[in-house]
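Asker: Structure, please.
(one chain, ligands or ions: 1)
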Amino acid sequence: MLALSKSPRAERLVTTSPLTADVVRRYVASDVGAVVGALTRQGLLVSVDHLGEEVTDEAQTGAAVDTYVSLLDLLPAGADVSVKLTALGLRLSQRLATANAAAICAAAEAKGVTVTLDAEEHDTIAGLHAVHAVLRREHPEVGVVVQAYLPDSLDRCEKIGAARVRLCKGAYTAPGGYRRTADIDRSFVRCLKVLMAGTGYPMVATHDPRLLRIASTLAVLDGRDTTGFEYQMLYGVRPEEQTRLAGLGSRVRVYVPYGADWYAYLMRRLAERPRNLAFFLRSLVSR
Ligand code: FAD
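Answerer: Take a look at the predicted model:
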């Protein structure tokens, strides 16, 4: 599925099929304003992602900035936007991606909205952290994602522990990256211990019940109250758990992707769960 997520031929086949609409709707907001409103009314926070990645045309990176700036008008204070640096030109130049991300950070700050830089393919991670370090000088609230499947994730957490850090398992593969679930989970817990014991703001991005329990235990042991960290989950994944945790007083943020460029995002979601893939294939053949 991850290989298919990069195949233009498969993308044409899937995106031109009217049969995928149900699956897309499950994971991608068709009306972002309405979805943000509904989640907010349920006591959930949001991080909104305008879908798009791997952009190699400078004009398109400017258009992505404009889209994010317009999106800010729809968001309540306390919301977050998730940004992929390859949509802002990281593949063209680090300087361009930094300037574009800085423009989004400045506009977001003015609206009381934070920005988090998503982590993408392994060959963009050094650039991601370099850009994050530069942005933090002017925008200390800008967050960054660490992927536990990368063996250097613990080092990353130790170095950037004072920042807003979203910890996730990782939706990609990399040479030398952990592949076995047990190894990724162990790495996740090692990172979580460092983040919870540190001085930053941990954002625990997982739906995994065991890791969620470990996170809540570590938070108590490290003396963090419910405002000292947050859980993050994806739109469409374990929604009852999202509202259950929020009902207990935890901060829960839902990652809400929207926009026409949903193909690669959807393929990564299907790759995470074979049952989703079966559901998807059934929806293709059953019409
Ligand atoms: P898993 O072991 O995959 O799942 C645990 C349980 O959650 C499953 O048993 C199932 O019940 C449920 N579940 C998980 N995925 C699905 C699904 N797709 N559909 C239905 N049920 C599911 N990855 C990156 O590489 N970079 C990022 O910047 C990034 N940002 C993220 C932001 C947020 C808020 C979240 C929640 C995830 C993000 N991810 C990112 C994705 C992450 O790395 C994982 O690929 C994804 O969260 C699945 O891992 P898991 O921890 O939920 O554990």
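Asker: which residues of the stretch 1-150 of the chain fall in helices?
Answerer: In the stretch 1-150 of the chain, helices defined by DSSP state H, counting those that start in this stretch lie at 8-15, 21-27, 32-41, 58-71, 94-110, 125-138, listed in chain order.
Asker: The shortest one packs against which elements?
Answerer: Counting contacts by 3 or more C-beta pairs under 8 Å, 6 or more residues apart in numbering; DSSP states H and E, the secondary-structure elements packed against helix 21-27 are helix 263-272, helix 274-285. In this view, the C-beta of every residue, glycine as well, is placed from N, C-alpha and C.
Asker: Next one: the helix or strand residue 255 falls within, is it in contact with the ligand?
Answerer: Using DSSP states H and E, residue 255 sits within strand 252-258. Yes - counting by C-beta under 6 Å from any ligand atom, the ligand has neighbours in strand 252-258: residue 255.
Asker: ok, and for that strand, which residues are buried?
Answerer: 252-258 (16 or more other C-beta atoms under 10 Å).
Asker: In terms of mean pLDDT, which of the helices and strands packed on helix 21-27 ranks lowest?
Answerer: Looking at the helices and strands packed on helix 21-27, the lowest mean pLDDT belongs to helix 274-285 (a mean of 67).
Asker: any idea how far the ligand is from the nearest residue to residue 141 once chain neighbours are set aside?
Answerer: Distances taken as C-beta to C-beta, 6 or more residues apart in numbering place residue 114 nearest to residue 141, at 5.1 Å, with adjacent residues excluded. Counting by C-beta to the nearest ligand atom, to the nearest Å, the gap from residue 114 to the ligand is 13 Å.
Asker: residues near the closest residue in space to residue 68 that isn't next to it in sequence, how many?
Answerer: Closest residue in space to residue 68, ignoring its immediate chain neighbours: residue 104 at 4.8 Å, by C-beta to C-beta, 6+ apart. Using other C-beta atoms under 10 Å, residue 104 has 26 neighbouring residues.
Asker: show me the contacts for residue 104.
Answerer: 65, 68-69, 81, 83, 88, 115 (C-beta atoms under 8 Å, 6 or more residues apart in numbering).
Asker: With respect to the ligand, which of those is nearest?
Answerer: residue 83 (9.8 Å; C-beta to the nearest ligand atom).
Asker: For that closest one, the count of nearby residues, please.
Answerer: Residue 83 has 26 neighbouring residues, counting by other C-beta under 10 Å.
Asker: Show me what it is bridged to.
Answerer: residue 117 (DSSP bridges).
Asker: pretty sure it is touching residue 115, no?
Answerer: Yes - judged on C-beta atoms under 8 Å, residue 83 makes contact with residue 115 at a distance of 5.9 Å.
Asker: residues bridging contact with these two, i.e. touching both?
Answerer: With C-beta under 8 Å, 6+ apart, residue 83 and residue 115 have common neighbours 101, 104.
Asker: that older thread, compute the distance between the residue nearest to residue 68 and residue 139, please.
Answerer: Computed with C-beta to C-beta, to the nearest Å, the distance linking residue 104 and residue 139 is 10 Å.
Asker: Are there residues contacting both of those two? Which ones?
Answerer: residue 115.
Asker: could you check the distance from the residue nearest to residue 68 over to the ligand?
Answerer: Using C-beta to the nearest ligand atom, residue 104 is found at 16 Å from the ligand.
Asker: Ok, residue 23 next?
Answerer: As judged by C-beta to the nearest ligand atom, residue 23 and the ligand stand 10 Å apart.
Asker: wait, that residue sits on residue 266?
Answerer: Yes - between residue 23 and residue 266 there is a contact under C-beta under 8 Å: 6.8 Å.
Asker: Residue numbers of this structure in contact with the ligand?
Answerer: Residues of the chain lying near the ligand (C-beta under 6 Å from any ligand atom): 118-119, 145, 147, 168-172, 205-208, 232-234, 237-238, 255, 269, 272-273, 276.
Asker: Next up, the contacts around the residue nearest to residue 32 when sequence neighbours are not counted.
Answerer: Leaving aside its chain neighbours, residue 32 sits nearest to residue 258 (4.0 Å; criterion: C-beta to C-beta, 6+ apart). Residues touching residue 258, when contacts are defined by C-beta under 8 Å, 6+ apart, comprise 28-30, 32, 35, 48-51.
Asker: Pipe the residues you listed into CSV and attach pLDDT, distance to residue 262 and neighbour count per row.
Answerer: Conversion of the contacts of residue 258 to CSV gives the following (pLDDT from 0 to 100; distance: C-beta to C-beta, whole Å; neighbours: other C-beta atoms under 10 Å):
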residue, pLDDT, distance to residue 262, neighbour count
28, 94, 5, 23
29, 95, 10, 24
30, 92, 10, 10
32, 96, 12, 21
35, 97, 14, 19
48, 98, 14, 27
49, 98, 10, 28
50, 96, 11, 20
51, 96, 5, 18
